Every structure is written in structure tokens, then in C-alpha cells.
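Participant: Compute the structure for the input listed below.
(2 chains)
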Protein chains: 2
Amino acid sequence: MATVAQAVQNELVSLIPISSGALSSLTDSMRYSTLSSGKRLRPFLLMESAAMFDVPTKQSVRVAAAVELIHCYSLVHDDLPAMDNDDLRRGQPSNHKVFGEATAILAGDALLTLAFEALNRPDTNIDSEIRCQLSYGLARAAGISGMIGGQAIDLHAGDRTLNLSEVAQLQQLKTGSLFGFSVEAGAILGHATAADRSALEEYAQALGLAFQITDDLLDVEGNQNETGKTVGKDNAAGKATFISLLGIAGARSEAQTLIKRANICLEQFNDGARFLREVAQFVISRTH
Amino acid sequence: MATVAQAVQNELVSLIPISSGALSSLTDSMRYSTLSSGKRLRPFLLMESAAMFDVPTKQSVRVAAAVELIHCYSLVHDDLPAMDNDDLRRGQPSNHKVFGEATAILAGDALLTLAFEALNRPDTNIDSEIRCQLSYGLARAAGISGMIGGQAIDLHAGDRTLNLSEVAQLQQLKTGSLFGFSVEAGAILGHATAADRSALEEYAQALGLAFQITDDLLDVEGNQNETGKTVGKDNAAGKATFISLLGIAGARSEAQTLIKRANICLEQFNDGARFLREVAQFVISRTH
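Facilitator: Reported below is the predicted structural model:
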């Protein structure tokens, strides 16, 4: 995963300009929330899925950076006082704590916009028809029918107690959509068959849920120093989570079942999918 | 202008979904700030510029709707308490006053994302290479080197008094970039010559400045009922404007000079540009 993380880091550094003068707090704020230590899980999924179809790294790294820009903007806006009001992110003060709310809002907007600029730059070495499909897929995964939709449902999730399938659906939108797009983008870049695409989609769906269950487990059991964010928050907010619905042991067992299912989806790719199997293992064994 | 406004309205209605249940406040909030009365100036510029090059309306109306989505999202985020903290927009309570801050932030994000979805939907009847150019141009005009850049500079504009060329540059980024992209998009869709493109760019630049000067004039002279927004705000905030730098008479005369210059850029298009000439006239004679 370190090689992918370095490649994406270089791509992100080259995409976000450094400004002096009046624009410097905006670009500093964008860099602050993008270039600091992230797990780069979505870029890894994207680049490993693309590698299975022999897509050149030069192509997949650009799309991976675009997905990471979307992920990072969503964290900046999520942490705002009007949203989750979170002071900590990745072990550092959240963006608006450092740069102020106004700049944090603009930086999020700018990162979101930059994702689509990056996909469509004249130097993007990807066929234009494929780029249109990628822009469309990314916008869908990030928009009302994906991530933003999940966040909107989550806003009202404290109003009444959700049941297990509602929590799963919320998380599928909020986290799963971008996971799903990441593997789908690899398949689009690699002109994958419909059967391969659908196996990867199913893999991503199971992986996304397992990821979220692990997040919930870390929220109740985790160490704030390791997770880099405030722990115990969901519980304090009275929101239904996988833990409140399944208990700790039940949630851990569900995550393992999901990872088994994810691995079954990868069987048709044989050894080509070894890194995607590693991600699946990482997702449930991670401590942050 | 009414025909264009109706066509864009229909396109926007078809692009923004109506949801029931958990997503309804998000989509209601998106519709609230998009489908209410706007001047639709950018769509008009785009569609009239495209019409000069015989671009089918079916193509230009989609791009015009995308530009309007960007414009509307920027108004929602601009009005937020952490930004301009404005309670009124287009004569109605601003978005966060009705739907709350969290939903307003998400609705802005969703409108911005939807603009790029709209340009890249499979039903978009535009060649993929052209669509990539449009996505790129829109992202540039809306991003750090355009609208968001202008807003970031504006955030700090109260810190010290800007001079005339700094105010002009700020407004060129904040308002002019999207005006510029609108006429540029018409030219891209219509495969215009470099000479035609550069004449239209110069037209849009002069028009954008004249538009902003008129905005400043309305801010000091306008009637809140007609403009639909709080008047006297810039003055109260101690920001340098065209009025504080040129005086009322000087600003009005500068706007007229700019409109003359805009019209000169249109001479090479003869009668084909008559509607763009009408927009220029509208921009300085408007009362809202």
C-alpha cells in the first residue's frame, strides 16, 4: 500500500497549487486536509482494481487522486460546526479549527471542484469517452444518490431509531458509494467484462459495510491517539450504529462474514486480486 | 430572455430529483435555491453564444443548466453565517434560514456535484471530447483560479483597502469567470474560430465588470424590495467597491464605457449578436 500512497501523494501535490498572497490561506487549507496522513484506501482500491486489467499507473493515479479529493472535501465539510462539529481529524485539529469556518467551506468546495478539473485536464492521458464515464460515475457516487445522500439521511438519523437494514443502507450510501466507484473506475479504465464488473461491485459493497462496522467498533473501543478522531461520539449522539443493534461480538462476527463474502467475489480473478484480498484483511484488522 | 429562462427552468426541473422520506429536505433545499426566480443571465449568455454558431438548443440548454447549478450553489454557500451571513436572497429567506445550516451546506455540495453529473450523463447529446473540454472549463471557472479564488480574496478584502485594479481583479475572478465560461462554452460547442472566441472572451470580461459595477450601484441606491437582497452591506462592511473608489457618477460612467467596449467586441458577428447586445444593455439598466 505504501507505493500507491506515495504515487497518489505526488499526484495530489502536483494538482493542488501553492499560492502566495491573498489566495494562500485557501490553498494552505486545501493542502492541510489532503496531503496529511490519510489511509488512501479508496486510491488503493482504484489502482489495484485497475492494475488487474493492466491499466497504466499514469492513468489510474489521476483518477485515484480525484476520488481522494472528493473524500477529503467531504471530511472538511463533515467536521464543520453545523455538521458533526468535530475538532479532531487524523490526529490534528480539523480544518475549520485552523483556518476558520469560511475558508474551510471554500476549501471543501475547491477540492470538490478540483476533482472534476483533474479528471478533465488536457494532460489527462485517458480516452475522452472513458473520462466522461468516470466524471459521471464519480459525480453519481459523490452526489445525492451516493455520499451526500447518505450524509443527508445521517443528519436526521438521531430523530428516530433506525433498524439494521436502514443503518446498512445509510452506510452503503455514505461510505460504500465511493468504495464502489473506486473499484468500478478500475474496471471502466480497463474495459472489464460485465461479469468482472459485477463481481467487483459486490466485493466493494461487502468491503464498505465491513469498513463501517470496524469504524463503529473503533468508535467504542478505539484509542483516540490511534484513531486520530474523537471516540464515543455516535453513542453520545444517540445514533443507531451496528454496535447498538448487534452488540460488540455480533458486529465483529458480521464484519468477518462480510470479508469472507468479499473474498469469494474475488475468486474469479485468481492471484491478480491478491492486493484486493489484503485490503479486505486490513479493513477489519485496522486499529485506526 | 423569457424563452431561454423557460428552457433552462425545464432542464433544471428534470435534473433535480424530487425525494420523499429521509432525502426530502435535501432535495427540497436544492430546488428552493435553484428553481425560484433567478435572472438566468449566465444561461442566456451561453445559449445565445451557442446559437450564433448554430448549436442545437438541446445541447446548449444542458450546459446552461450546469452553469446555473454552479451559480446557485455558490449563492447558497455565500449566504451562510460563516460567509456573508445573509438572510435574504432573491427576495426570499436564504437557504439556511429555511432548511438549516447543515442542509444548506450539503445542498450546495450536491448542486455543485450535480453540475458535473449533468454534463456527463449518458443522455447528454454532446461529443465526448467536447464534454471533457466543457467539464474542464467549468471546473476552472468555478474553482481556485476562478469563482472560489475570487471569494477567498473577498474574504480578506476587509483587512486592508484594495485599489481599483485589485477590486477589478477580484470581481473578474468572482463574477467574470463564470460569465466568461458561459460565452466560451457556446463557442466550444460551436467549434468557433480562435478569433471569434477571443472576441467573445473580451465581451464577457467587459460585461462582467459592468455587471458588478451595477451591483455596487444597486447596493447603495437600490430598493431592497426590487433587488431582493439586503442593501448597503458592502459599505457597512467597510469593503472597497467601485463606488467607494470612483464615486456614483464615476462608477456609472465606467459601466457605460465597459458596455460600449463589450459592444465593439460583438461587431464581427453582425446581426447574429443582437441578443448579446441586448444583454449588455440589460446589465447596466437593470433595477434588480
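
Participant: what phi and what psi does the backbone show at A:Ser39?
Facilitator: Let me fix one detail, which is that residue A:39 is Lys and not Ser. phi -80, psi -20 (degrees, to the nearest 10).

Participant: For the stretch 101-250 of chain A, which residues are neighbours of chain B?
Facilitator: With C-beta under 8 Å from any C-beta of the partner chain as the criterion, the stretch 101-250 of chain A comes near chain B at residues A:101-103, A:105-106, A:108-110, A:112-114, A:116-117, A:119-122, A:128-129, A:131-133, A:135-136, A:138-140, A:142-144, A:148-149, A:151-153, A:155-156. C-beta here means a position set from N, CA and C on the backbone, and glycine is covered the same way.

Participant: hmm, which of the residues you listed are the buried ones?
Facilitator: Using 16 or more other C-beta atoms under 10 Å in any protein chain shown as the burial test, these include A:101-103, A:105-106, A:108-110, A:112-114, A:116-117, A:119-121, A:128, A:131-133, A:135-136, A:138-140, A:142-144, A:148-149, A:151-153, A:155-156 as buried.

Participant: Can you list which of these are found in helices?
Facilitator: Among these, the members falling in helices (DSSP state H) are A:101-103, A:105-106, A:108-110, A:112-114, A:116-117, A:119-120, A:128, A:131-133, A:135-136, A:138-140, A:142, A:148-149, A:151-153, A:155.

Participant: in chain A, what spans have low per-residue confidence?
Facilitator: Applying pLDDT under 70 to chain A flags residues A:222-237.

Participant: Now do the strands in it.
Facilitator: Taking DSSP state E as the criterion, chain A carries its strands at A:88-89, A:92-93.

Participant: just those: most buried one?
Facilitator: strand A:88-89 (a mean of 20; mean count of other C-beta atoms under 10 Å in any protein chain shown).

Participant: Now do the end-to-end distance for stretch A:77-89.
Facilitator: Length of stretch A:77-89, first residue to last, C-alpha to C-alpha, to the nearest Å: 12 Å.

Participant: which parts of it are buried?
Facilitator: Result for stretch A:77-89 [16+ other C-beta under 10 Å]: buried residues A:77-84, A:86, A:88-89.

Participant: Nearest to chain B among these?
Facilitator: A:Ala82 (3.6 Å; C-beta to the nearest C-beta).

Participant: Skipping adjacent residues, who's closest to the closest one in space?
Facilitator: Nearest-residue entry for A:Ala82: B:Glu101, 3.6 Å, with adjacent residues in sequence omitted and distances by C-beta to C-beta, 6 or more residues apart in numbering or on different chains.

Participant: ok, that neighbour - contacts?
Facilitator: A:82, B:80-81 (C-beta atoms under 8 Å, 6 or more residues apart in numbering or on different chains).

Participant: and of the residues you listed, the nearest to B:Phe181?
Facilitator: Nearest to B:Phe181 among the contacts of B:Glu101: B:Leu80, at 23.9 Å, using C-beta to C-beta.

Participant: How far off centre is stretch A:10-30?
Facilitator: In terms of C-alpha atoms, centre = their mean, to the nearest Å, the centre of stretch A:10-30 is found 22 Å from the chain centre.

Participant: Actually, stretch A:190-209.
Facilitator: Remark: stretch A:190-209 is offset 16 Å from the chain centroid, using C-alpha atoms, centre = their mean.

Participant: List the buried residues in it.
Facilitator: Applying 16+ other C-beta under 10 Å to stretch A:190-209 flags A:190, A:192, A:196-197, A:199-209 as buried.

Participant: Out of those, which sit inside helices?
Facilitator: Among the buried residues of stretch A:190-209, DSSP H puts A:196-197, A:199-209 in helices.

Participant: Pick out whichever of the residues you listed sits closest to A:Val67.
Facilitator: Distances from A:Val67 to those, taken by C-beta to C-beta, are shortest for A:Ala204, at 12.3 Å.

Participant: For the closest one, give me its contacts.
Facilitator: Shown here is A:Ala204, whose contacts under the criterion C-beta under 8 Å, 6+ apart are A:45, A:176, A:179-180, A:182-184.

Participant: 10 Å instead, please
Facilitator: The contact partners of A:Ala204, taken as C-beta atoms under 10 Å, 6 or more residues apart in numbering or on different chains, are A:45, A:49, A:176-184, A:211, A:262, A:265, A:276.

Participant: try A:Pro93
Facilitator: A:Pro93 makes contacts with A:32, A:79, A:86-87, A:99, as judged by C-beta under 10 Å, 6+ apart.

Participant: ok, A:Thr57 to A:Leu266 distance?
Facilitator: 21 Å (C-beta to C-beta, to the nearest Å).

Participant: Among those two, which residue is more densely surrounded?
Facilitator: A:Leu266 (19 against 14; other C-beta atoms under 10 Å in any protein chain shown).

Participant: I'd say that one and A:Leu276 touch.
Facilitator: Yes: using C-beta atoms under 10 Å, A:Leu266 is in contact with A:Leu276, at 5.7 Å.

Participant: shared neighbours, these two?
Facilitator: A:52, A:200, A:203.

Participant: need the contact list for the closest residue to the first one other than its chain neighbours.
Facilitator: Put plainly, it is A:Met52. Among residues not flanking A:Met52 along the chain, A:Gly272 sits closest, at 4.5 Å (C-beta to C-beta, 6+ apart). By C-beta under 10 Å, 6+ apart, the residues touching A:Gly272 are A:48-49, A:51-54, A:266.

Participant: which parts of stretch A:44-59 are buried?
Facilitator: So, applying 16+ other C-beta under 10 Å, buried residues of stretch A:44-59: A:44-53, A:55, A:59.

Participant: next one: stretch A:273-283
Facilitator: So for stretch A:273-283, counting by 16+ other C-beta under 10 Å, buried means A:273, A:275-277, A:279-280, A:283.

Participant: For it, C-alpha coordinates in PDB please.
Facilitator: Written as PDB, here are the backbone C-alpha positions of stretch A:273-283 (Å, rounded to 0.1, in the frame of the first residue of the first chain):
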ATOM      1  CA  ALA A 273      -6.700 -10.000  -6.800                       C
ATOM      2  CA  ARG A 274      -4.100 -10.700  -4.100                       C
ATOM      3  CA  PHE A 275      -3.800  -7.000  -3.100                       C
ATOM      4  CA  LEU A 276      -7.600  -6.500  -3.000                       C
ATOM      5  CA  ARG A 277      -7.700  -9.500  -0.600                       C
ATOM      6  CA  GLU A 278      -5.000  -7.800   1.500                       C
ATOM      7  CA  VAL A 279      -7.200  -4.700   1.700                       C
ATOM      8  CA  ALA A 280     -10.100  -6.800   2.900                       C
ATOM      9  CA  GLN A 281      -7.900  -8.100   5.600                       C
ATOM     10  CA  PHE A 282      -6.600  -4.700   6.500                       C
ATOM     11  CA  VAL A 283     -10.200  -3.300   6.700                       C
END
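
Participant: So what touches that stretch?
Facilitator: With C-beta under 10 Å, 6+ apart as the test, stretch A:273-283 has contacts from A:1, A:4, A:39, A:41, A:44-45, A:47-49, A:51-52, A:179, A:183, A:186, A:199-200, A:203-204, A:206-215, A:255, A:258-263, A:265-267, A:269, A:271.

Participant: wait, what's in contact with A:Met1?
Facilitator: A:39-41, A:43-44, A:47-48, A:275, A:278-279, A:282.

Participant: circling back to that earlier point, nearest to chain B, of the buried residues of stretch A:190-209?
Facilitator: Of all these, A:Arg197 has the smallest distance to chain B: 15.8 Å, by C-beta to the nearest C-beta.

Participant: how about the nearest residue to that closest one, chain neighbours excluded?
Facilitator: Closest residue to A:Arg197 apart from its sequence neighbours, by C-beta to C-beta, 6+ apart: A:Ala187 at 4.6 Å.

Participant: Hmm, the one you found is touching A:Ile130, no?
Facilitator: No: with contact defined as C-beta under 10 Å, A:Ala187 does not reach A:Ile130; the gap is 11.1 Å.

Participant: Those two: who's more crowded?
Facilitator: Taking neighbours as other C-beta under 10 Å, A:Ala187 and A:Ile130 compare with A:Ala187 leading, 23 against 19.

Participant: still on that earlier bit, can you redo the contacts of A:Met1 as JSON lines with distance to B:Gln169?
Facilitator: Output for the contacts of A:Met1, formatted as JSON lines (distance: C-beta to C-beta, whole Å):
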{"residue": "A:Lys39", "distance to B:Gln169": "40"}
{"residue": "A:Arg40", "distance to B:Gln169": "37"}
{"residue": "A:Leu41", "distance to B:Gln169": "40"}
{"residue": "A:Pro43", "distance to B:Gln169": "36"}
{"residue": "A:Phe44", "distance to B:Gln169": "41"}
{"residue": "A:Met47", "distance to B:Gln169": "40"}
{"residue": "A:Glu48", "distance to B:Gln169": "45"}
{"residue": "A:Phe275", "distance to B:Gln169": "48"}
{"residue": "A:Glu278", "distance to B:Gln169": "50"}
{"residue": "A:Val279", "distance to B:Gln169": "47"}
{"residue": "A:Phe282", "distance to B:Gln169": "48"}
